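1. Predicted coordinates and the sequence they were generated for:
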Amino acid sequence: MSKKTVAVVMGGYSDEYVVSLKSGQLIYDSLDRDLYDVYKVVILKDEWYFLGENDKKYAINKGDFSVTLDNNEQLKFDVCFNIIHGTPGENGILQAYWDAIGQTYTGCDFYQSALTFNKKDTLAVLSKYGIPSAKSVYLRKGEDINVDKIIHELGLPVFVKPNQSGSSLGISKVKEKSELIAATEIAFKEDDEILIESFLDGMEVSVGVIDFKGETIVLGITEIVPQNEFFDYEAKYEGASEEITPARINAETTKRVEEISKRAYDSLGMSGFSRSEFILMDGIPYMLEMNTNPGFSPASILPQQAKIYGISITDLCGNEVEKALNKNRN
């Protein structure tokens with residue numbers, strides 16, 4: 001049986017492309033060479049290319065995502081392993097294009113990617129499945145901002161953040177009424193829609209969920225411990241945090257987090273890697289967001305959780321490729 005060709009597709013159009021290249025390298029190194037011929041494809045704003053021998057670049061033909069090599073040989077891929085964080089690989093753009101040209105790929109479909117990239121819409125859909133989130137106010141650029149009304153509704157402090165969840169830029173914690181307008185301006189630099197959320201005072205956890213061998217499993221619950229005096233989002237984004245897996249929570253809370261994380265994943269019809277962020281308050285997990293293409297460099301949370309769960313990176317990645325191949329057969 002001839003080996004299947006797999007392109008590990010990395011890069012992206014956001015600042016997160018640097019992490020994506022590291023994630024792609026780990027997947028490239030980990031896939032089983034007895035089963036697959038593995039290649040690297042890099043997608044950047046100004047160029048899409050295949051990396052050949054000695055890192056020689058070959059342009060990707062966007063008509064069918066193939067590449068023409070030196071001897072005029074056409075190389076097409078049985079599966080694209082999508083590990084782009086942010087746009088266009090985590091917000092549905094790439095998936096829609098691949099669907100249109102009939103290219104098989106790993107991870108979730110176009111709709112799930114587009115939906116989960118929008119924090120407000122994700123939380124709205126999941127609230128119908130009984131998954132709680134912070135109280136929030138949603139604003140579009142150009143709308144009047146009634147500061148008193150917002151503070152009356154949400155209290156202080158609040159978090160102000162861009163609605164699109166790809167980038168971690170533009171997030172502020174507002175403790176004083178007078179700081180709110182400036183914070184909205186920062187967030188609007190990143191996105192035309194922003195969310196202002198009530199402050200949830202509790203432990204932040206990051207939960208890896210995947211579908212592995214036909215079953216939705218929670219890989220692990222990681223506690224995010226900021227080095228600031230309070231639990232907030234800054235720590236996560238400025239790297240000033242410690243990650244503890246498994247989180248220091250009791251069995252009952254663990255069970256509740258697992259149940260809600262699985263429910264969120266299954267309710268949205270997810271597939272592939274995912275990482276959901278929650279704040280635990282009085283044992284209740286409040287959902288912040290879901291990432292459908294989370295960091296997968298050796299230092300990232302998901303590979304660390306897999307290690308503790310006892311699934312090798314080779315099996316984790318191979319499972320993704322096999323699912324994509326099977327989806328194509330059905």
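-> Noted; the coordinates are in hand.
2. Who are the contact partners of residue 276?
-> Residues in contact with residue 276 (C-beta atoms under 8 Å, 6 or more residues apart in numbering) are 206-207, 209, 261, 264-265, 287-291. C-beta here means a position set from N, CA and C on the backbone, and glycine is covered the same way.
3. Could you let me know which of those ends up closest to residue 154?
-> Nearest to residue 154 among these: residue 288, at 15.0 Å, using C-beta to C-beta.
4. which residues in the protein form helices?
-> 17-30, 93-101, 110-116, 119-127, 147-154, 180-188, 233-237, 251-267, 301-309, 313-329 (DSSP state H).
5. Make CSV out of the ones you listed and add mean neighbour count and mean pLDDT.
-> CSV is the format used below for the helices of the chain (neighbours: other C-beta atoms under 10 Å; pLDDT from 0 to 100):
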stretch, mean neighbour count, mean pLDDT
helix 17-30, 20, 96
helix 93-101, 16, 98
helix 110-116, 21, 96
helix 119-127, 18, 95
helix 147-154, 14, 96
helix 180-188, 17, 95
helix 233-237, 18, 51
helix 251-267, 17, 97
helix 301-309, 20, 95
helix 313-329, 17, 93
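6. re the thing from before, between the contacts of residue 276, which sits nearest residue 278?
-> Set against residue 278, the nearest of the contacts of residue 276 by C-beta to C-beta is residue 287 (5.5 Å).
7. Around the closest one, how many other residues sit close by?
-> Per other C-beta atoms under 10 Å, the neighbour tally for residue 287 reads 22.
8. Quick check, it in contact with residue 127.
-> No: here residue 287 does not reach residue 127: they are 9.1 Å apart, not a contact under C-beta atoms under 8 Å.
9. shared neighbours, the two?
-> Common neighbours of residue 287 and residue 127 are listed as residue 133 (criterion: C-beta under 8 Å, 6+ apart).
10. Okay, residue 161 and residue 121: tell me how far apart.
-> The gap separating residue 161 from residue 121 is 14 Å, by C-beta to C-beta, to the nearest Å.
11. One more: residue 249?
-> From residue 249 to residue 121 the distance is 29 Å (C-beta to C-beta).
12. Kindly state the domain boundaries assigned to this protein.
-> Split into domains by automatic domain parsing, the chain comes to 4-106, 118-132+201-291, 136-198.
13. closest one to residue 312 among the ones you listed?
-> Closest of these to residue 312 is domain 4-106, at 8.0 Å (criterion: C-beta to C-beta).
14. Show me the shaky parts of the stretch 151-300 of the chain.
-> Low-confidence segments of the stretch 151-300 of the chain, defined by pLDDT under 70: 165-168, 228-240.
15. now the strands for it?
-> Under the criterion DSSP state E, counting those that start in this stretch, strands of the stretch 151-300 of the chain are mapped to 158-162, 172-174, 193-198, 203-212, 215-226, 241-244, 274-281, 284-291.
16. Which of the ones you listed has the highest mean neighbour count?
-> When the strands of the stretch 151-300 of the chain are scored by mean count of other C-beta atoms under 10 Å, the highest mean neighbour count falls to strand 158-162 (a mean of 25).
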